[in-house]
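Engineer: need a structure here:
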Amino acid sequence: MNVKKKFLIGYAAAAVIALLAFEYAFWSNGFSYLEKQSEAGYLTQAEMLRDILLAELQGDADLAASSEAFAGRYGEKYQIRITIIDKDGNVLGESDGPGPAMSNHLDREEVRKALAGESNSMIRRSATFGLDYCYCAVPLKKGEFQGVIRTAVPMEELRNMDDEFLRSTVFAAAILLLLALSLVMYFRKYVSAMKAVEKQRREFVSNVTHELKTPLTSIRGFVETLKNGAMEDEGCAGRFLDIIDIETERLGNLIDDTLLLSEIEHKKDVRQEPCDVNEVIAEVTELLAPKVKPHVRLIFTPDPGVRPFTCNRDRLKQLLINLADNGLKATEFGAVTIQCKSTASHLVLEIADTGIGMEAEQTERIFERFYRVDKGRSRAQGGTGLGLSIVKHIVELYRGSIRVESRPGEGTTFRVELPYY
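Structural biologist: Model prediction:
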């Protein structure tokens, strides 16, 4: 396992551990704090109810009747249990009505403390109902009467909140883990892509160096031969100078294609205008006419229904030249046909030849830089190995697509679709 993978896995594990540690800290500290705050609030509520009850007791009012009505009314209002008890443990008022829980109040610690004059509260599980309650008890004195008003508030909501927080934490931890895994996968793809780019860069530099070195070596060899006496032989000197001229042209073409490919890759295409496609193709056929072999025809029939295509005219022309020239080089007998048409959304260009064709595995690689189906044949005809790569990048520049169909001995067809905008 490499350092990057270890770092990413460690980061993900640390994030999950930190989240779980936060959950534990909340349980041990935060939840206790919430309980204490809730308990203090419920005790204040009990003292408020005590003050309201004392205010409602007028003169010699029946304490038992008043307590029963008070407990029922405010218990329903605040959705809590209210019990009013005298000093002997007799229940004077109970919001939940009479029941088995009304005979054991003096056994409760909070009631005994309140009878001793101390307002207090505590959270414990009810033996009768099996639920956690916050019990608050405050002294109740009026004249000679002494008793306690006690409230019981279920803690279920707070417990549910804690459970919900736990579920949320587990869910968040799962999401965080998934994000961490996604991040790991993304970086793996990113690293793979960067390695692929670096590999392509090294291969490109190697190929360019090789392609430049080949004509330079040839030129240097013939120059040295001429300097060593071949200049005296006019026939030999003329033939050598022709070869030097050819290699120099090939070197220039390679440099031009390399610069053009670099320019297209960087999306440098600010000069765009509506182009008459038929007119551009006609210029291409005229330009390539000198390259047409004796037993080969270059065919193009204009289609008046083709709509203008907005692009850099030179780019479109270069695309057509490279495809048609590629077909002419591969064809010894037959024809190279250029067709164009407009669909509702695309400009469609089709260049077909009756040349040597290609195997399926060759068609998968023909758009790679410096890839040649027949290396000897391509170099002999002055090819740089960048023509179809340039075509592909021009098509991608205009967000189009290119497909190739070919069979050995039957020919090749390129279909380019460029979207109208």
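
Engineer: buried sites along stretch 216-230?
Structural biologist: Residues 218, 219, 222, 226, 230 are the ones in stretch 216-230 that count as buried (16 or more other C-beta atoms under 10 Å). All C-beta spots, glycine's among them, are computed from the backbone N, C-alpha and C.

Engineer: could those be laid out in JSON lines, adding secondary structure?
Structural biologist: Converted to JSON lines, the buried residues of stretch 216-230 look like this (DSSP: H, G, I helix; E, B strand; the rest coil):
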{"residue": "218", "secondary structure": "helix"}
{"residue": "219", "secondary structure": "helix"}
{"residue": "222", "secondary structure": "helix"}
{"residue": "226", "secondary structure": "helix"}
{"residue": "230", "secondary structure": "helix"}
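
Engineer: Turn those residues into a markdown table, columns for distance to residue 358 and pLDDT.
Structural biologist: Shown next, in a markdown table, are these (distance: C-beta to C-beta, whole Å; pLDDT from 0 to 100):
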| residue | distance to residue 358 | pLDDT |
| --- | --- | --- |
| 218 | 28 | 72 |
| 219 | 32 | 75 |
| 222 | 34 | 72 |
| 226 | 40 | 75 |
| 230 | 41 | 71 |
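
Engineer: and which of these is nearest to residue 385?
Structural biologist: residue 218 (16.6 Å; C-beta to C-beta).

Engineer: okay, and the helix or strand of this structure with the least pLDDT?
Structural biologist: Ranked by mean pLDDT, DSSP states H and E, the weakest helix or strand in the chain is helix 375-380, scoring a mean of 48.

Engineer: Can you report phi and psi for the most centrally placed residue in the chain?
Structural biologist: Nearest to the mean C-alpha position of the chain, by C-alpha atoms, centre = their mean, lies residue 186 at 8.5 Å. Per-residue torsions, residue 186: phi -60, psi -50 (degrees, to the nearest 10).

Engineer: ok, now residue 420?
Structural biologist: Main-chain dihedrals, residue 420, degrees, to the nearest 10: phi -80, psi 140.

Engineer: Does it touch residue 345 like I think?
Structural biologist: Yes - counting by C-beta atoms under 8 Å, residue 420 touches residue 345, with 6.0 Å between them.

Engineer: So these two - more neighbours on which side?
Structural biologist: For residue 420 versus residue 345, neighbours defined as other C-beta atoms under 10 Å are more numerous around residue 420 (13 against 10).

Engineer: Local confidence estimate at that one?
Structural biologist: Each residue has a pLDDT score; the one for residue 420 is 92.

Engineer: Can you give me the distance of it to residue 131?
Structural biologist: Residue 420 is 72 Å from residue 131, where distance means C-beta to C-beta, to the nearest Å.

Engineer: that older thread, C-terminal to the least confident helix or strand of the chain, what's the next element?
Structural biologist: Next helix or strand after helix 375-380 toward the C-terminus (DSSP states H and E): helix 387-397.

Engineer: Are there helices or strands packed against that following helix, and which ones?
Structural biologist: helix 234-265, helix 313-330, strand 401-407, strand 411-419 (3 or more C-beta pairs under 8 Å, 6 or more residues apart in numbering; DSSP states H and E).

Engineer: buried residues in stretch 132-141?
Structural biologist: For stretch 132-141, by 16+ other C-beta under 10 Å, it's 132, 133, 134, 135, 136, 137, 138, 139, 140.

Engineer: between those, which is nearest residue 302?
Structural biologist: Minimum distance to residue 302 across the buried residues of stretch 132-141 is 89.2 Å, recorded for residue 132 (C-beta to C-beta).

Engineer: Adjacent strands (with direction) for whichever strand or helix holds residue 352?
Structural biologist: Using DSSP H and E, residue 352 falls within strand 346-353. Sheet pairing of strand 346-353 (DSSP bridges) gives strand 334-342 (antiparallel), strand 411-419 (antiparallel).

Engineer: any chance of the helices and strands packed on helix 387-397 in CSV, plus mean neighbour count?
Structural biologist: Formatted as CSV, the helices and strands packed on helix 387-397 follow (neighbours: other C-beta atoms under 10 Å):
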stretch, mean neighbour count
helix 234-265, 15
helix 313-330, 22
strand 401-407, 16
strand 411-419, 21
